[in-house]
Each structure stands twice: as C-alpha cells, then as structure tokens.
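# Prediction below, plus the sequence it came from.
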Amino acid sequence: LGGFRATPAPMKPCRVTRAMCDPPADPSRVPWWERGVIYQIYPRSFQDSDGNGVGDLNGIGRRLDYLVELGIDAIWLSPVFPSPMADFGYDVSDYIDIDPLFGSLDDFDRLLAAAHERGLKLMLDFVPNHSSDRHPWFIESRSSRDNPKRDWYIWRDPAPDGGPPNNWISDFGGSSWEWDEATGQFYLHAFLKEQPDLNWRNPEVRAAMMDVLRFWFDRGVDGFRIDVLWHCIKAEGLPDNPVNPDFRPEMGEKLRVLQTHSTHQPECQEMAADFRQLADNYGERLLVGEIVLPLDQLITYYGRERPGVHLPFNFQLVEAPWDAAILRQLIADYEATLPPGGWPNWVIASHDYPRIAAKLGEAQARVAAMLLLTLRGTPTLYQGDELGIGRVDIPPDRVRDPKELREPGIGLSRDPSRTPMAWDGSPHAGFSNADPWLPLHDDWRTRNVAAQEENSGSMLSLYRDLLRLRRSEPALSIGSFQLAGSADYVLAYERRYGESRILIALNLTGTERPISVPPGQLLLSTLGTAPPSGWLRPDEGVILRLGAR
Ligand code: NOJ
C-alpha cells in the first residue's frame, strides 16, 4: 500500500448550515418527486415494437416491468409529438398529438395507464422555445407579413448591409437568422433553421402554449421537462451579443458570442412562474426546467416573488472535473446557494451529453452511480447508463445528429449517447427486428440487460442495489446532508434521518486511499465485498451505516 501521502483526516462538518440541509419535519408531506428517481427515456432508442428500427410507445409499454424492477419512480420521455425529426422530435409540428412513428394518442393513454398501474409517474418533454417550421402556426406566420400569426414568431428586417438583423449564433452553428425570400424578412432560430423561435412576448402564443400544458395535464401526465427554458425570451430590441474573448473553434461556433441578450431574461422566470401556477392547479405535478447557466443564475429559476419550476436541472456534474476536492466544493456551493425550500437535483448524463462510462471508464462509472444516487436531491438517470454503455464509434455513413452534421469532427456528436438499448443477445439486441436507426454499442452481446441480470457484479445489479437501498433508507432519499472528511481523492458525506446515519465514501481514483471513519456496517460497496478497514480500494465507493436505525 506504499506510495500515498494523503493522511486520513478527521470527520469535519461542511460549511453548509444545518438549516439548509435539515430533513422535513413531516416525511409524509414529502412530494413524490423529492423522494423519487427520474429515468430519462430517449424513445427512438428504447424498444421498437413494430419492426422499423425506431423505438415507440408500445415498445416502452413492454419494458415497464424492467423499470419497476430497476427501482425508478418516474419516466421522462424525450419528445414523442408529431415532428419532421430534423432534431429528432425537438422540432414539434403538433404539440397535442403523437407522431405515428411512436404510435397514437390511444397508445399514449394506454402507456400512461400502464405506468400508473405500476406506480410509475410519466413526464413529457415540453418544447416551448421553438416549433418545427412545419408547424401550421409557422406555415401561417411565414405566409405573409400581415398574417395574424406573423408575430407568433420573431421576424425582422435585414440589417442596413442586407445581412442578418444581429450577430446571434445558433447553438448548432451559423447565424441564428434565416432569410425568407417570399416575405423579405429574416426569422430567428436558436437551433436549426427548421426550428423557428416562438415569440413568447406575444400573449396569444403564451395562451396557446398554456393550452398545450392543460391538454396533457388533463390526460393525466405527471409533469414536464421543459426544453431550453432559459432561451425562451430575448432582450427587447434584440441587441448584438458581446463577442466571447475566450472563444476557441473547438468549442463549437455558438460560443463565438456570449448569449447575454438572446437568453436568460427576467421574463423567462415569469414564464416559469406561470407554468408553475398552472401545474399547481393540478396537484402534485412536477416541472423540471432545462437550464444551462452558472449556479447564481440557475437558482433564480426556483422562483423569486413567485415559485418557478420545482427543479431547475443541475448539470454541474456533467462538466466538472472528476476530482474529489472540486466536486466537494461544487456540492457545498450548490447546497449553500439553494434558496429556502429549493430542492436539489443532480444529472450526470443525458441524450445531449457523453455517457458516464465513456467519460470516466467503467470502474469510475460505478462510483458515479453511487454518487448520483446518494447525494441529497432528485437524481435523473439516463437510459443505458445502468448498463455502463461506454464509448461508441459511429461510422461516418451512420451519423444522424444534426449538430454533428453541421459542425463535424469537433467532438460534439450526440449520436454516441443515443444508440439503442440492448436487452439481450438476440439479433439487434432485442431492441428491434430490423437494423436500428443508430448502431448498437460494440459489446452489446455481453453488455445487455439479460446478461447483466444474471451477474450480481454487473453495473445493472449495482444500480438495482443502489435504488433498492435508497428506497428503503429515508436518510438516502430525504435525509439531511453533510460533507465529511477532507482527504484528497476521497469524497465523503453523511446523510441523516432521525436516528439513522449513513456515510458515503467515494474513492475517485484508481489507487487505494486511506479513509478515517467511525466504525460502521457496510451496506454496499461498488466492488461487492467489504474493503479493508481504514482503506478504500481503487475505484471503490462504499455506503456505511453509522448510527442505529
Ligand atoms: C435541448 C435538447 O435536450 C436537445 O436535444 C435539443 O437539440 C435542443 N434543446 C433544442 O430543442
């Protein structure tokens, strides 16, 4: 064990005050989404039921028992609405129907009922910032300058030089403005030109979109993940964005300017508050806002004068360096910055970001699973991470992501995170009878649900164990949180509920590390067996019970 110099440090309380992380006085009043775990399904890639190589709602229905067995509480479906699929459903051409590729409204109702029968919540993806350019609203809007829906989107005359009205850059590269020859104006699109931005300053747009939420809430959906909420309102007058002094081409062209005027206007929080008010009329429904902003800005979406979204997605772990000291600080800062009553949440991966195992390797992906499922706050898991799907190389002729097609070769492709689930060792991994729309990961013959179910040391078994433990231990789901220890390389914290004290210690490195903890009972190790006393083995995370139950 020679070679380290890190000395075990005594347990030390974090600088987060007790008041901030005290558990609720009355646990029966804790809403489902504070206790629960969200699981993101990317419907194109979960389960195909009709043999076209693309997943669908009936396919998801077939796999609900898998999700119950896994131990999650709520499903969030990426968009399933009618769409030309320029951005795979994030270009909606009808907000109140289901794309035939995924099924029908009847299929949806059946899926919702089947989920509810099993005690699972079902959330949809609401895409308010932009519609598809095939949406009837946009078709009308672009039909003439005096069409009543002209102002439903953001149209402007050219700049004096005939170019775009300002310097804004699409998140997928290129100008955010598209010239419309027929009516002689530009329209704004924060993403693809096939995704024109709606004008949320127009009360008719707001009313129409609130009706969309009502439509789905009335059908019984349990909540929404709200796409790019911080993008929805632009600064009055649409001034140029400041040039980014730190821009480097490998960042992707969108970072050429800072999105000061094109995003995060105070009115975005007003929108969030309006959505919240509507959701609250329906009882315990959940709103999760997609917001990619620095912490001090992110937390404003919890609401100021009025409540905002329940959970502004916290993506900090997605990009943070995998380093105990850095994560410790990040967690402390987040806990300390949350507004009173603001419930934390954590995300490590999604359909937009690299897979956990691709980024950290399989051994640390196990530690990351333990982190995600033991931090204070609602975790969101992404389909396939529970199998430890790692790096996937997409052959050039199979690239589908419009982002990669527009800015190829700089590592922005989202395809590797969107490949199909592997269910078993049968052809196409039990995902489909046909060649899937994206290739499977290379090792799918061994890395699939059936194979991992058989193996108590698999990633899937670890996720199941973690979820089971979390469900049976209120300390892990709703308990208080306190950072512990201060050793480098090991991230440690304690969760408490009533008399129950649980310590989590995570070795974020591939080398043995000493730890100093009071004696406790091992509840789970990412390596399956108990570590030697006073040490964590390479890539090991442990959960220990310290107090009496
Ligand atoms: C965020 C979504 O997660 C992403 O997949 C999509 O491309 C953009 N918003 C545009 O809707």
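In hand now; what should we look at? Numbering: from 1, shown residues only.
# Low-confidence ranges, the stretch 401-549 of the chain, go.
For the stretch 401-549 of the chain, the stretches with pLDDT under 70 are 548-549.
# ok, now the stretch 101-250 of the chain?
Looking at the stretch 101-250 of the chain by pLDDT under 70, you get an empty list.
# mind listing the helices for it?
105-117, 136-141, 203-219 (DSSP state H, counting those that start in this stretch).
# what about these, which gets the closest to Pro196?
The closest of those to Pro196 is helix 136-141. By CB to CB, the value is 5.3 Å. Yep, even glycine has a C-beta here, placed from its N, CA and C like the rest.
# Contacts made by stretch 537-549 with the rest, please.
363-364, 366-367, 370-371, 374, 469, 476, 494, 496, 499-507, 509-512, 517-518, 520-527, 531, 536 (CB atoms under 8 Å, 6 or more residues apart in numbering).
# try stretch 105-119
Residues outside stretch 105-119 that contact it (CB under 8 Å, 6+ apart) are 56-58, 60-61, 64-65, 67-68, 73, 75, 80, 97-98, 121-122, 219-221.
# In the stretch 351-500 of the chain, what residue lies closest to the ligand?
Asp352 (4.7 Å; CB to the nearest ligand atom).
# Could you report the neighbour count for the closest residue to that residue other than its chain neighbours?
Excluding the flanking residues, the one nearest Asp352 by CB to CB, 6 or more residues apart in numbering is Arg414, at 5.6 Å. For Arg414, the neighbour count with other CB atoms under 10 Å is 18.
# go on, Tyr66?
17.
# Report the contact partners of it.
Applying CB under 8 Å, 6+ apart, the residues contacting Tyr66 are Val449.
# To which secondary structure element is it assigned?
helix 64-70 (DSSP states H and E).
# To Leu381, which of the helices of the stretch 101-250 of the chain lies closest?
It is, among those and with distance given as CB to CB, helix 105-117, at 16.1 Å.
# and the angle from the closest one to helix 203-219?
60 degrees (axes from the mean of the first three to the mean of the last three CA atoms, to 10 degrees).
# Look up how far Leu293 lies from Glu178.
26 Å (CB to CB, to the nearest Å).
# just Pro136 next, same as before
Counting by CB to CB, the gap from Pro136 to Leu293 is 33 Å.
# Neighbour count for these two, which is higher?
Neighbours were counted for Pro136 and for Leu293 using other CB under 10 Å; Leu293 has more, 17 against 12.
# Now Phe215: closest residue in space, sequence neighbours ignored.
Per CB to CB, 6+ apart, closest to Phe215 is Ile96, 4.7 Å.
# quick one: contacts for that neighbour?
81, 212, 215-216.
# Most tightly packed of the helices of the stretch 101-250 of the chain?
helix 136-141 (a mean of 18; mean count of other CB atoms under 10 Å).
# Quick check: Asp352 touching Pro416?
No. The criterion here is CB atoms under 8 Å, and Asp352 misses it with Pro416 at 11.4 Å.
# who are the neighbours in contact with the residue nearest to Asp352?
351-353, 401, 403-404.
# So which of those wins on neighbours?
Asp401 (22 neighbours).
# Can you verify my assumption that that one contacts Arg418?
Yes. Look at Asp401 against Arg418 with CB under 8 Å: they come within range, at 7.5 Å.
# For the ligand, what is the nearest residue in this structure?
For the chain, CB to the nearest ligand atom, closest residue to the ligand: Tyr90, 3.3 Å.
# what's stretch 132-141 in contact with?
By CB under 8 Å, 6+ apart, stretch 132-141 touches 83-84, 86, 91-94, 131, 142, 147-153, 155, 187, 193-196, 198, 208.
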